[in-house]
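S.K.: For reference, the sequence and a predicted model appear below.
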Amino acid sequence: MSSSEPPEEPHRGHSDASHWNWFLLIPIVIPLSTPLFNHDGPRLFDFPLFYWLQLAFVLLGVGCTALVYTKTKRRD
Amino acid sequence: MPHASDHIVELVVFTSLFLLVSVMGFAAARWRRAESLDHLDEWGLGGRNFGTWVTWFLLGGDLYTAYTFVAVPALVFSSGAIGFYAVPYTILIYPLAFLVMTRLWSVSYRHGYVTPADFVRGRFGSPTLALLVAITGIVATMPYIALQLIGIEAVLKVMGVTGHLPIIIAFLILAVYTYSSGLRAPALIAFVKDTLIYLVIIVAVIVIPYKLGGWGVIFGSAEQALGQTNPNTGAPRGSILLNANNQLQYVTLALGSALALFLYPHSLTSVLAARSRDTIKKNMSALPAYSFLLGLIALLGYMAIAAGVKPLGKDTNTIVPSLFDQMFPDWFAGVAYAAIGIGALVPASIMSIAAANLFTRNVYKEYLKRDATPAQEAGVSKITSLVVKVGAVAVILFLDPQFAIDLQLIGGVLILQTLPSVALGVYTRWLHPWALSTGLVAGLAVGIGMLYQIPNPNNGKDHFGGSAYKLSLAGFDSDKQIYVGFVAVLANLIVTVLLTLVLRRAGAPELPDATQAGDFTVERAPEAPPPAASGAPATLAGD
């Protein structure tokens, strides 16, 4: 693992474990929680909640993966 | 039935765009030219050198297939809310892949793995387990290729083109340029495919609701139409929300499908073609743009209901092309058909490459010719990709297309059984390879057994009627439904874990692991670092 690798090979052996990875759980658990979105109202632009909220979850997924990407990016 | 003579403009636009991408397919051999295509890394993985943009188009073109574009709205059209599972499915796949696929990319880059079975072979040291993973991959992929043909056929049908000759010609051209250009062909064509798809869908979700009187009208007529009683079941056809019985199915179908998608060999092919680990990570935030698009595409099913579209014959896959025919001027309908048609070529090409690589690496090289040179490997893969496509055409020509749909349904359940060895394998090798092999076979048996029990009242079939398993079939006092693949992979995991415990206690031999912990996080070193920047070697030792 990272501590035992010689420093001249920075591209090898970094651990990819990070507390930030827990954020990836959000866009997995929430889109699977049907009681959260299985309703007709409130409607948005005439879309039932079921449809507009699930489309909004796409943004949630993008946000969480982008956050984890930025926070775990290597600086070498 | 439509007649081709009424669709001249559409046919001309469709054919022109089809010819354009065919030319691109052949020209792709010169794109990012390699010294020689006689190496699997070049022919089968495009040189492992695609950057963020190319990877975005390639993975988008690979995962969101033409069949998805016609089948998802068709499901929404006939059953309502359950068809929207495609949205959560394609959301939660990316955080999962963010963790697993990056590790798989690194270890494959480090060891030159081309297929998921290559990884399993190296990680668990068991040729038998690798062979099982390879065969499962090939069997699951073949009907998926055949399904792409059904996507093209749906479009041709609406334009009044009948007979199998056009499909044969289209696939022949596809086969030849895949043979000559390898993965570079679908990568280049994916640019055209995805641009057309985005264009068509953005226009569709603006123009069609405007013509139909707004989204309120669309959801209203969908609610009304789905509420009507289905004479085959005595229950409502569907509804625009989930009911008490299909929520579990919705959740397990979304989760199971997401786990399955990146286990398909063709997904890994596109992942491994990326030039760096960072490229994959970035794409996990960028690819959901396609998921948003897919959500809008799903809603075309409701638009078709509101527009009073009737499927041609019993083929609900024709509703999207029919909707376009009804709503768009001829020339733009032609563009939309081309988007679907080209959308079939990209994944079909990648899938045939993936299946060919599996055969070459995990059957030919492992069992037939251990000392095969890279050039021989590439040669065998090229020929196999042709055979695979001929097989797909034969399925459509000589068997009922419904057979391909059934096989694809089974395929998703099958490929999911490689989850413990491939996806868990990148984290742990505590599971014993003998247990993994047994678990895989057990999962396959449970999955196929359950699918066999499922009837479809709409077409009067007694078996293989869908992937929604009523718990009452297993003797439970419940009408709830669950996705078969999910149950099968649970069975697989239980068998694998229990057997591992038994084998460890019995002192079963440990098989060699070719990988090291650090291999799973390797990043590609910058090709030409400034001399003063660091003392790091330009490339990895041993690569």
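M.R.: Noted; the coordinates are in hand. Please read all numbers here as calculations on a predicted model, not as lab measurements.

S.K.: Using PDB, write out every CA atom in stretch B:451-463.
M.R.: Coordinates of each C-alpha in stretch B:451-463 appear next as PDB, following Å, rounded to 0.1, in the frame of the first residue of the first chain:
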ATOM      1  CA  LEU B 451     -37.800 -17.300 -15.300                       C
ATOM      2  CA  TYR B 452     -39.200 -20.600 -16.600                       C
ATOM      3  CA  GLN B 453     -42.100 -20.400 -14.000                       C
ATOM      4  CA  ILE B 454     -43.200 -16.900 -15.100                       C
ATOM      5  CA  PRO B 455     -46.200 -16.900 -17.500                       C
ATOM      6  CA  ASN B 456     -47.200 -13.900 -19.700                       C
ATOM      7  CA  PRO B 457     -51.000 -13.600 -19.900                       C
ATOM      8  CA  ASN B 458     -50.800 -11.000 -22.700                       C
ATOM      9  CA  ASN B 459     -49.300 -13.400 -25.300                       C
ATOM     10  CA  GLY B 460     -50.600 -16.600 -23.700                       C
ATOM     11  CA  LYS B 461     -47.100 -17.900 -23.000                       C
ATOM     12  CA  ASP B 462     -46.700 -20.300 -20.000                       C
ATOM     13  CA  HIS B 463     -42.900 -19.800 -19.600                       C
END
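
S.K.: average pLDDT for that stretch?
M.R.: Average pLDDT, stretch B:451-463: 78.

S.K.: Could you do stretch B:223-242 as well?
M.R.: 78.

S.K.: Over to residue B:36. Which of the three states is it?
M.R.: Look at residue B:36: counting by DSSP: H, G, I helix; E, B strand; the rest coil, its state is coil.

S.K.: which one is it nearest to, not counting chain neighbours?
M.R.: Spatially, and ignoring its direct neighbours in sequence, residue B:36 is nearest to residue B:42 (6.8 Å; CB to CB, 6 or more residues apart in numbering or on different chains). No exception for glycine: its C-beta is placed from N, CA and C like everyone else's.

S.K.: pretty sure that neighbour contacts residue B:378?
M.R.: Yes. The pair residue B:42 and residue B:378 passes the contact test of CB atoms under 8 Å, sitting 7.3 Å apart.

S.K.: List the contacts of residue 25.
M.R.: You didn't pick a chain, so chain A it is. residue B:95 (CB atoms under 8 Å, 6 or more residues apart in numbering or on different chains).

S.K.: Not quite, go with chain B.
M.R.: By CB under 8 Å, 6+ apart, the contact set of residue B:25 is B:173-174, B:177-178, B:181, B:185, B:188-189, B:345, B:349.

S.K.: Which is the succeeding secondary structure element to whatever helix or strand it lives in?
M.R.: Residue B:25 belongs to helix B:8-27 when assigned by DSSP states H and E. Downstream of helix B:8-27, the first helix or strand assigned by DSSP H and E is helix B:40-43.

S.K.: what packs against that next one?
M.R.: helix B:374-398 (3 or more CB pairs under 8 Å, 6 or more residues apart in numbering or on different chains; DSSP states H and E).

S.K.: pull the helix or strand with minimum mean pLDDT from chain A.
M.R.: helix A:34-37 (a mean of 84; mean pLDDT, DSSP states H and E).
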